[in-house]
Each structure stands twice: as structure tokens, then as C-alpha cells.
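Q: dropping a prediction and its sequence here:
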2 protein chains.
Amino acid sequence: MVLSKSWTMVRHFEGAPKLADFKLIENELPPLKDGELLLESEFWSVDPYMRVMESKNPAFSVGDYYVARAGWTTHFISDGKELRALPSNWPESLPRSLALGAVGMPGVTAYIGLKQICDPKPGEVLLVNSAAGAVGTIVGQIAKIKGCKVVGSAGSDEKVAYLKEIGFDEAFNYKTVSSLEEALKKASPEGYDCYFENVGGKFADVALQQMRNFGRITVCGAISMYNDSVPQTGPYVQSVIIFKQLRMEGFLIFSWEDKPIYEEAQRQLLEWILEGKVKYNEHITNGFENMPAGFIGMLNGENTGKAIIKA
Amino acid sequence: MVLSKSWTMVRHFEGAPKLADFKLIENELPPLKDGELLLESEFWSVDPYMRVMESKNPAFSVGDYYVARAGWTTHFISDGKELRALPSNWPESLPRSLALGAVGMPGVTAYIGLKQICDPKPGEVLLVNSAAGAVGTIVGQIAKIKGCKVVGSAGSDEKVAYLKEIGFDEAFNYKTVSSLEEALKKASPEGYDCYFENVGGKFADVALQQMRNFGRITVCGAISMYNDSVPQTGPYVQSVIIFKQLRMEGFLIFSWEDKPIYEEAQRQLLEWILEGKVKYNEHITNGFENMPAGFIGMLNGENTGKAIIKA
């Protein structure tokens, strides 16, 4: 018998999530049936990353590592269908937690969201907000590889310094600039061709006005709005979309998981990381018992790079 | 010497345009220089449609007809560079004013805006607002030809009746329905794959929520917002764009005027009209002196089909 710990939500969030909204529970897992395997979590993000502890499924061996969407839990029985193996050429030198970050869902989100929607061309200017986050850091570095000028917005001076360290041309702290409009104009007086949106809300109001004609916007996140009980309002977007002939498109990685580009992205990101062309940072919270605190910290922007919970 | 009459704006509009904002002026045109030609306007919309009265340019003959963006004026001297000839196979049986409507800028806007952005597939559901307008009537009919279910919103019961007459599957009067949300749900309980946007504002707030996953939105117009001195506000669009993975793209016909698809569109529209597959309606205001009234009437939705001013 294996005791599995899981975090559950004891109530729906009202406004921002609070620690009291979560509760740690334990339950005993049943013995395996044929075809099943038992996994133990090693790292968690929204997607836990796990290793096989016991297997009655011949396709999976004890000790192998997988990424699974199994919830906030320490142990998990699976029939194997929802498990994604690490890329086959994973080098021992790299932390396996990158399978949840720069080479995992956030990195692949950056790669596909950029390629399929923004489609940046050499010489173009790209803007990304939440730029020091798990997705933003990779977006900016890929755009640099593609020959763009890259501008990033982040929420602390330390993050801004990190962005410059990893090659962003311009970066600013949106919390301390006197005017977002001025900051965007100063960073790129000629405006922006590509805009990778992670924030939404008032940031988007200002940024849309700085787009150049035929600009493309990957709407990947709207972190300024996730915790609203009542939807925020702002100026309607239709006029600026028409007059600048902008393309704005929503992106969810879940629609791409079974497409060949997902593995292409993982292979390419792994290669760029090994070549030193893409740098990564992880913000690690130790201990499964601290997972709600790590989650809330991520929503509050405490992380630079990918927020990871380590067993 | 030819006396040309022109309408000028005596002040910038504050809110909706008023008759007092316009003034009719006259001025004498100079004699032609070599390479120039003198044109007389026969019909006007935002783009006047004209015939050649006198020519010192060997490429243009007296009596020929052209579409030009020459302003609100009765006579006009041109070097010929900005003139667009009618499609070469124009049948005598068709009113030439269609070169300003169903076979002109509005029709071509419908054709290209639909094809390049919404890209409707057989069996999909398309929504168009301002559906009884110059663009909307053509959008709906093309979508029917492409095998879609077509839903239109318009501002009077007469317009709704007209939409059903020309083949719309569902149409409603947005001014008299008790709830726009209910009307959209009733017209298509399964939601909408394509949305051809002519209105913006509060209509868009409601319609976006009715889109199906991977829906496409041609943002062609925002007539509910053009006369605002202070921008209107509404719920931010980012969340619905992400979660439904919508594509929203602005469309301006001026970017397409030199592309081959412009003439393709004119040829195809002319063919469909001659085959009876696309029907048209014109709302004609007689007399150049009534042009401001016709323009204001169009903004107030008095027209079914294309609003035309006739000399």
C-alpha cells in the first residue's frame, strides 16, 4: 500500500487564491491491476513530472521519467495513456525539471505560439510582457534567434537585469516607469510588429496603440485578469484592430499536444539550450507541502523563469 | 472653364455628423494640361464614380467610366493614375452604380475579408451584423454560396425581411429583441464559427461569447464606435480569445487594391450577380446637394444595401 498526498481546493477562489483555500489530504492507493503503473512525483508545476515506481504495464519500466497532468499529488496510478516521455536524447547534465519548463509546456508554448501566430521576421520588433516568466524568457530568446529586436516588460528591477543578461535589447520594470506608453515608445520609437501577450487588461490597452500596421498578437495569457470576480473593462479593441489591420489570436497549448510541431519544439529547444543560445532559470520551491504557497507566489510574480515545486 | 461643386467639412465632427458641419462650395477648374483629363461625377459614395468629359491623355477617352477617390465633388481633373476602370465585361443591363456597391469596394470588401480571414467552410455557421448594409448583404450571400448557415442582425423589420428574401437562414432586428444573447443563441444554439464584424462595441461583447472554438472574426467595421468623442469601454477580450482560441483580424480594403484578388473578386461578384446567386439593393439619394443628408442617413442605418448619391 502506498500513501499518496494530494492538495485539494476546499473552496472556489474568490479573487486571488489564498493558502486557506487549499487542504492537504492523504489516501491509500489500491494495488496495481494489469496494465497499470505506479508513479511518484519528483517535480510539480501545473503539470507534475514523475517517475515510475512500479509497473504492471510492459511498455513502462520502473525508474523511467514522464510528464503527466495528474493534479497536485505525490503518487499516481496510470494506465500509461496520458504520460509523455522525456525527449529521447535528454542529456544527464540537464535538470529533468526542464521538462516542465524551458523544454516542457512553457517552452513549447513560446515556440509554437510565436511561430504559428506572431511569425516574427528578421528586423522586426517584438514585445513580450511577463517577460521574466517561464514563457516570456523563452519567447524573447527565440525572437532574438530569429533576428528580431526584443523588448520585455517585467515586474522588478532584478527581473529586468535578468532579461538584459539573457539578451533582451530593451527591458523595463512596468511597476516603476512613470508611464507605460512612454516606456514602450522609448524602447521602440518605431512601434511593434509582434506582441506576445501574457498579461491583458490595461497593459494591452496601451500596447495595442503602439503596434505597427499588420502587427500580429499571440494572446497566450491574461494574468492581470485571472483573479477577477467581476470582468474588468477597457476601451474596445475593434477600431485599433481595423485601422492597423492587426491579427490577434488566442493560443492554448493543449490543442497542439498531438501535433508533430510539439516534438519539433522540444527537440529544437533542447538543442538551443545545449548550444547556449537559450538560457533558462528556475524558481524552485522545496517541499510538496509548500505547493500552494509556490502557486500563489507564481501568480504574484515572485518567480524569474519557471516556478517549480521539488519533492 | 468648368465650375465644379464640392462638399467640404466646415468643422471636425463632434459626435455624430450634422448637416451644419458641411458646406457646398464652387470653384472654377483650370484648362487641362497635356496628360490630364476632366471627369464628371455620375454617382457618389465615399468613392465617387465618374465619366470622362474631356481628355488630353491618350489612354483615356471621352465618355469612358471610372471609379475614383476624388472627394465629394462634381468635376475633377486627374492625371489618370488613380482611376479604376469598370470590369471589362460590364453588361449594359446592370446599373453602373454597382461599381460603387456590390461589384465595387463594399462587395470586394465582403469577398476578400471573408476569404482571407473568416475562410468559411461548408457546414459552418456565420454571423454578420449590419447585415442589410452594403457589405453585410454580400457577406451573407457569399457565405451561403460557400455552404454555411448564415445569421444576420439588422436594425429594422424591413431589413430583416429583406435578408430572409435574399437567403439568410436566420435574421433578427437587434433593436427589438429583448436580449441579444438570447437572439444569437436561438438563431444558432451551436454557436458561430465565423463572425464578420461591422459594428463593434456592445454587440461584439455578446457575440464573442457565442463563438465556437477556433472561430475567426473579420473586423471590418465598428459603426457603433465611429462617432464617439470619448472611446467606449467594455469587458476585455483577451480571456475569451484565449479560451476559445479565436482569431480576430482587422481588414481594410485599401491594402488589397493592387493585389490580383481585387479583380478576381470583381469578376466573381459580377458573375454571381448575372447568375442570380447574389442579389443587390441600392438606396439612392438623388442630387449632389443632398450628399451630406445621404451620408448622415447611411450612418443612421437608413439604407438597405449600398447607399448611393446620384447626380
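A: Yes, it's here.
Q: and the gap between residue A:201 and residue A:285?
A: Residue A:201 sits 27 Å away from residue A:285, going by CB to CB, to the nearest Å. (C-beta placed from N, C-alpha, C; glycine too.)
Q: which of these two has more neighbours?
A: Of the pair residue A:201 and residue A:285, residue A:285 is the one with more neighbours under other CB atoms under 10 Å in any protein chain shown, namely 21 against 17.
Q: what about the more buried one, distance to chain B?
A: Distance of residue A:285 to chain B, computed by CB to the nearest CB, to the nearest Å: 26 Å.
Q: what does the pLDDT read for the closest residue to that residue other than its chain neighbours?
A: Leaving out its chain neighbours, the residue that sits closest to residue A:285 by CB to CB, 6 or more residues apart in numbering or on different chains is residue A:294, at 3.5 Å. With respect to pLDDT, residue A:294 scores 89.
Q: backbone phi and psi for residue A:294, please?
A: phi -70, psi -40 (degrees, to the nearest 10).
Q: that one contacts residue A:310, correct?
A: No. Using CB atoms under 8 Å, residue A:294 is not in contact with residue A:310, being 9.5 Å away.
Q: quick one: which of the two has more around it?
A: residue A:294 (23 against 18).
Q: contact partners for the residue nearest the centre of chain A?
A: The residue lying closest to the centre of chain A (CA atoms, centre = their mean) is residue A:106, at 3.4 Å. Contacts for residue A:106 (CB atoms under 8 Å, 6 or more residues apart in numbering or on different chains) come out as A:100, A:133-135, A:138, A:306.
Q: how about a cut-off of 7 Å?
A: A:134-135, A:138, A:306 (CB atoms under 7 Å, 6 or more residues apart in numbering or on different chains).
Q: just give me the closest of these to residue A:273.
A: If you rank those by distance to residue A:273 using CB to CB, residue A:138 comes first, at 9.8 Å.
Q: helix or strand for the closest residue to that closest one other than its chain neighbours, which one?
A: Leaving aside its chain neighbours, residue A:138 sits nearest to residue A:110 (3.7 Å; criterion: CB to CB, 6+ apart). If you go by DSSP states H and E, residue A:110 is part of helix A:105-113.
Q: report the buried residues of that helix.
A: Within helix A:105-113, the residues that count as buried by 16 or more other CB atoms under 10 Å in any protein chain shown are A:105-113.
Q: so which residues of the stretch 201-311 of chain A form helices?
A: A:201-209, A:238-243, A:260-275, A:291-299 (DSSP state H, counting those that start in this stretch).
Q: and the residue nearest to the centre of chain A, how far from chain B?
A: 15 Å.
Q: that residue: what's its closest spatial neighbour, skipping adjacent residues?
A: Take residue A:106 and drop its neighbours on the chain: the residue closest to it by CB to CB, 6+ apart is residue A:134, 3.7 Å away.
Q: next, count neighbours for the one you found.
A: By other CB under 10 Å, the burial measure for residue A:134, its neighbour count, is 29.
Q: and it, what does it touch?
A: Neighbours of residue A:134 in contact, by CB under 7 Å, 6+ apart: A:101, A:106, A:305-307.
Q: just give the number of residues close to residue A:128.
A: Taking other CB under 10 Å as the criterion, the count of residues near residue A:128 is 34.
Q: that one and residue A:140 touch, don't they?
A: Yes. With contact defined as CB atoms under 7 Å, residue A:128 counts as touching residue A:140 (5.4 Å).
Q: residues that sit against both of these two, list them.
A: Common neighbours of residue A:128 and residue A:140 (CB under 7 Å, 6+ apart) are residue A:152.
Q: which outside residues touch the helix or strand that contains residue A:40?
A: Secondary structure from DSSP H and E places residue A:40 in strand A:37-44. Residues outside strand A:37-44 that contact it (CB under 7 Å, 6+ apart): A:2, A:29, A:32, A:48-57, A:60, A:66, A:68, A:72-78, A:80, A:96-97, A:100, A:291, A:308-311.
Q: that strand vs helix A:291-299, what angle?
A: 50 degrees (axes from the mean of the first three to the mean of the last three CA atoms, to 10 degrees).
Q: which element follows strand A:37-44 toward the C-terminus?
A: According to DSSP H and E, the helix or strand after strand A:37-44 is strand A:49-55.
Q: noted, bye for now.
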